[in-house]
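Q: This is the structure alone, sequence omitted:
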């Protein structure tokens with residue numbers, strides 16, 4: 001396709017925080033934006049030039065989006081793939097409906113990983129009672145629903161075949177994947193961007209810490225993911241993107257096991273929480289690369305200029321009464337966290353997502369800390385975490 005130049009309108013399906021940051025990046029580069037989202041008060045819709053307030057499957061709404069935007073993307077993987085397919089008849093759409101559909105289904109996703117020569121944890125497909133007789137080496141394991149699972153949702157540990165059968169029934173006997181429970185050293189991810197012309201770039205791998213299935217901390221610096229793990233993760237992520245003939249920004253998450261081996265966990269066909277640090281610590285962010293891939297612009301390899309740590313901010317912080325003498329305790333009244341104190345620390349960058357109500361477990365924002373050295377960024381991140389009532393140490 002020919003490049004869509006600044007001054008045109010770019011569209012996005014989804015009005016959450018990732019859409020909001022895409023919109024900001026596009027507007028900074030001189031584009032107009034259009035968001036389609038069923039929430040009249042969506043974070044991205046509130047800052048976009050156009051907000052089409054309708055369901056993702058509404059044909060009239062999709063037609064309005066196609067009429068406004070010269071190219072269209074998505075900000076989350078659970079948008080109906082057939083809506084992307086419908087839009088692609090009229091406009092360039094990236095990522096493609098096929099790529100999104102594969103990412104929406106763990107069974108298809110794992111098949112793709114295997115086809116690209118990338119190792120997964122040993123697994124079995126569970127879609128009938130006949131499949132409960134899994135090999136003994138897969139237990140204990142994690143049962144994951146094949147579709148619509150994210151942030152730890154739709155996942156349950158099972159130790160025996162009886163527990164497997166009960167867990168499968170509890171999720172409604174829908175198709176699932178049983179993954180062997182592996183001894184982990186740490187988790188990491190790689191974000192790549194690939195253009196329609198096949199040009200591909202990537203950020204350095206980042207180390208991730210999850211709590212209760214939700215990303216809590218990302219570290220991105222020279223020692224966050226040591227060699228050779230870093231190069232193996234990059235090579236695998238590039239192979240996965242190339243195998244899809246992917247266009248857009250793709251995040252691939254990995255487990256580094258206790259024995260030193262690396263296995264792929266899952267992919268997200270969009271910018272990712274673990275890449276938020278790129279907005280302050282790199283000369284090109286993941287969201288600018290999303291704009292560039294969508295618009296058919298050149299992809300310059302991003303350069304990291306600062307060590308960075310990202311702290312995810314959930315709504316729980318609004319209900320944590322933090323006191324220097326007694327520590328953090330739960331409160332029933334929402335109270336604004338200590339932003340001024342956090343922003344007094346050097347190299348702190350606060351991003352709040354424009355959500356009007358704080359709820360426990362809801363992603364409300366993030367703080368990125370940047371510094372010239374690893375020791376400095378870790379020290380400041382510890383101070384910020386203490387002020388916010390987040391667990392310390394940050395890494396586990």
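A: Thanks, I have it. This is a predicted model, so every value here is computed, not measured.
Q: check which helix or strand covers residue 210.
A: If you go by DSSP states H and E, residue 210 is part of strand 206-211.
Q: and the next element down the chain from that strand?
A: strand 214-220.
Q: Would you mind listing the buried residues in that next one?
A: Residues of strand 214-220 classed as buried: 215-220 (neighbour count, 16 or more other Cβ atoms under 10 Å). Where you see a C-beta, it was placed from the backbone N, CA and C, and this is true even at glycine.
Q: again with stretch 167-176
A: Using 16+ other Cβ under 10 Å as the test for burial, stretch 167-176 gives 167-168, 171, 175-176.
Q: could you give the mean pLDDT of it?
A: Here stretch 167-176 scores 94 as its mean pLDDT.
Q: Ignoring the adjacent residues along the chain, who's closest to residue 183?
A: Spatial nearest neighbour of residue 183, chain neighbours left out: residue 258 (4.0 Å); criterion: Cβ to Cβ, 6 or more residues apart in numbering.
Q: brain fart, residue 209
A: In space, not counting the residues next to it along the chain, residue 209 is nearest to residue 217; the distance is 4.2 Å by Cβ to Cβ, 6+ apart.
Q: Quick check: bridge partners of that neighbour?
A: On the basis of DSSP bridges, residue 217 is bridged to residue 209, residue 311.
Q: What's the separation between it and residue 271?
A: Relative to residue 271, residue 217 is positioned 18 Å away (Cβ to Cβ, to the nearest Å).
Q: the strands in the stretch 51-200 of the chain, which residues?
A: For the stretch 51-200 of the chain, applying DSSP state E, counting those that start in this stretch gives strands covering 71-74, 123-126, 141-145, 155-158, 176-180, 184-194, 200-202.
Q: Stretch 247-267 spans what distance, first to last residue?
A: This stretch, stretch 247-267, spans 14 Å end to end (Cα to Cα, to the nearest Å).
Q: Centre of the chain to it, how far?
A: Distance of stretch 247-267 from the chain centroid (Cα atoms, centre = their mean, to the nearest Å) equals 13 Å.
Q: Residue 124 against residue 134, yeah?
A: Yes. Counting by Cβ atoms under 8 Å, residue 124 does reach residue 134; the two are 4.9 Å apart.
Q: Look up the residues that both of those two are in contact with.
A: Common neighbours of residue 124 and residue 134, using Cβ atoms under 8 Å, 6 or more residues apart in numbering, are residue 178.
Q: show me what contacts residue 189?
A: Contacts of residue 189 by Cβ under 8 Å, 6+ apart are 205-206, 208, 233, 251-254, 272, 274-275.
Q: Which of these sits closest to residue 183?
A: Distance to residue 183 across these (Cβ to Cβ) is lowest for residue 254, with 14.8 Å.
Q: How about the backbone phi and psi for residue 223?
A: Backbone torsions for residue 223, taken as degrees, to the nearest 10, come to phi -110, psi 10.
Q: Can you tell me, leaving aside adjacent residues, what's nearest to it?
A: Distances taken as Cβ to Cβ, 6+ apart put residue 374 closest to residue 223, at 5.9 Å, once the chain neighbours are dropped.
Q: right, and that neighbour touches residue 307 too?
A: Yes. Using Cβ under 8 Å, residue 374 is in contact with residue 307, at 5.3 Å.
Q: which neighbours do these two share?
A: Residues touching both residue 374 and residue 307 (Cβ under 8 Å, 6+ apart) are 221-222.
Q: Could you check which of these two is surrounded by more residues?
A: Using other Cβ atoms under 10 Å, the more surrounded residue of residue 374 and residue 307 is residue 307, with 24 against 15.
Q: ok, and the closest non-adjacent residue to that one?
A: Distances taken as Cβ to Cβ, 6+ apart place residue 221 nearest to residue 307, at 3.7 Å, with adjacent residues excluded.
Q: rewinding a little: of all pairs in the buried residues of stretch 167-176, which one spans the longest distance?
A: Greatest spatial distance in the buried residues of stretch 167-176: 167 and 175, 13.5 Å, computed using Cβ to Cβ.
Q: ok, the residue nearest to residue 110 when sequence neighbours are not counted to residue 54 distance?
A: The shortest distance from residue 110 to any residue other than its chain neighbours is 5.4 Å, reached at residue 120 (Cβ to Cβ, 6+ apart). Separation of residue 120 from residue 54 (Cβ to Cβ): 38 Å.
Q: Name the spans of the protein whose pLDDT lies under the cut-off.
A: Flagging of the chain using pLDDT under 70 yields the residue ranges 1, 149-152, 321-331, 393-396.
Q: tell me the centre residue of it?
A: residue 272 (2.8 Å; Cα atoms, centre = their mean).
Q: in terms of contact, does that residue touch residue 251 like I think?
A: Yes. Residue 272 is within contact range of residue 251, at 3.5 Å (criterion: Cβ under 8 Å).
Q: joint contacts of those two?
A: Common neighbours of residue 272 and residue 251, counting by Cβ under 8 Å, 6+ apart, are 189, 191.
Q: ranges for the helices of the protein?
A: Using DSSP state H, the helices of the chain run over residues 17-28, 59-68, 81-88, 97-103, 106-115, 161-170, 229-244, 278-281, 286-295, 339-343, 374-388.
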